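the sequence isn't on hand, but the structure is:
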């Protein structure tokens, strides 16, 4: 018997880290679009299991990798995405756009994407007001503790340990990563109703990438419309944050491509939560300290830690009904300490052993690189959305057919995401009314 053909998806995306990938999964689910996020390149059997999905994502790790790694790995990803047949194909980056010529080079990813999709121009939409990120006249702004900063003056992002943001103008920032000419569709064009004309002019002038301003729902929705227009004759390769997804969703709803989303119930509480944090963000540091005040047991991890002793202590705390936080840093860390890939893999392996030994069914992982390594060690092949918790960090379900970890609930949290009491929030399952709260 011939298997039914897969539904042609509306949209496909590759996330440059795992936390950002679940951010997009959340935006899709909240708007009623069925979606799946694969943790590695899916095979036919994987795709068949989620044939009903209208959006397909692949969680990746390019944000922490070199241009040479991108050259070796991204072409296969982009060619697979193109085979899905989606009109719009999104290279998803963080809404803080932190990147550098040698690490997480977005410019190089654009070059590879344009080649794979046989395109000349890639639109770039970074503004994500729902996460406290705005792009105005090409400059990126971001919130921190209820104050808005230009990204090069942001207390955390200007001092990022790997990819500090020293330039707010995204065109100038990208010019260090690619020789492509970078254009701009600015706020004045959106407000005057001439954004489409400005886009045509930039394309005619040979722009290989074009930044779109994004400050509110109206600009993002118009950007979504322009992207859909660009994709009518051929598959479109685009770059951006979950703000790009948001704009598409608003436009799709306005033209009837998607329906009205159904109300989502808050997640059920659990008695214990296990947290693994590899984030150096001050936001996560505040969350760890708050969790300690709320009764979480906590242990600091570093290369050379005694894993056997650690597992015994953690298992004992969980057996006594305590939630547990394992963390590698409380804020910015000394560059002399080796927290590289090998340590990340070791963290993921220890997490897997703890989950198997204790039967914990909900876990949170903080930090993009840590999330990437840990999910891979858990053997989960796909993630689907369960419920909203806070903007950008939803509760997800892991899929691993035949594994005791199949059905594991997990939250992948970026360093900058979530209110101060977020760890208890994840454990207790709060009302979905809090999803737009941004710390």
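On my side now, so go ahead. Being a predicted model, the structure only gives us computed values, none of them experimental. Numbers count the residues shown, from 1 in each chain.

excluding residues flanking it in the chain, which one is nearest residue 57?
residue 37 (4.1 Å; CB to CB, 6 or more residues apart in numbering). All C-beta spots, glycine's among them, are computed from the backbone N, C-alpha and C.

that's a strand at the one you found, yeah?
Yes: assessed with DSSP: H, G, I helix; E, B strand; the rest coil, residue 37 lies in a strand.

how about the closest residue to residue 399 other than its chain neighbours, what does it touch?
Among residues not flanking residue 399 along the chain, residue 382 sits closest, at 4.3 Å (CB to CB, 6+ apart). Going by CB atoms under 8 Å, 6 or more residues apart in numbering, residue 382 touches 36-39, 42, 46, 49-50, 398-399.

of those, closest to residue 311?
For the contacts of residue 382, the closest approach to residue 311 (CB to CB) belongs to residue 398, at 21.2 Å.

what's the following helix or strand after the helix or strand harbouring the closest one?
If you go by DSSP states H and E, residue 398 is part of strand 393-399. Moving toward the C-terminus from strand 393-399, the next helix or strand (DSSP H and E) is strand 409-413.

which residues sit against the following helix or strand past that following strand?
Sequence-wise, the next helix or strand downstream of strand 409-413 (DSSP H and E) is helix 422-428. Outside helix 422-428, the residues within contact range by CB under 8 Å, 6+ apart are 269-270, 272-273, 275, 287-288, 290-291, 294, 296, 323, 325, 362, 364, 389-390, 393, 395, 411, 413, 418-419, 434, 439.

hmm, 7 Å instead?
If you take CB atoms under 7 Å, 6 or more residues apart in numbering as the criterion, helix 422-428 is touched by 269-270, 273, 275, 287, 291, 294, 296, 323, 325, 364, 389-390, 411, 419.

out of those, who has the most neighbours?
Counting neighbours by other CB atoms under 10 Å, residue 287 comes out on top of these with 30 neighbours.

which SS class is that one?
Classified using three-state DSSP, residue 287 is helix.

how close does the residue nearest in space to the middle of the chain get to residue 131?
By CA atoms, centre = their mean, the mean C-alpha position of the chain lies nearest to residue 20, the distance being 0.5 Å. Distance, residue 20 to residue 131, by CB to CB, to the nearest Å: 10 Å.

contact partners for residue 288?
Residue 288 sits in contact with 277, 298, 325, 327, 330, where contact means CB under 7 Å, 6+ apart.

same question for residue 150.
Applying CB under 7 Å, 6+ apart to residue 150 gives the contacts 139, 141, 168.

then residue 11?
55, 86, 88, 90, 248.

hmm, 10 Å instead?
24, 28, 33, 35, 54-57, 84, 86-90, 231, 238, 244-245, 248-249, 252 (CB atoms under 10 Å, 6 or more residues apart in numbering).
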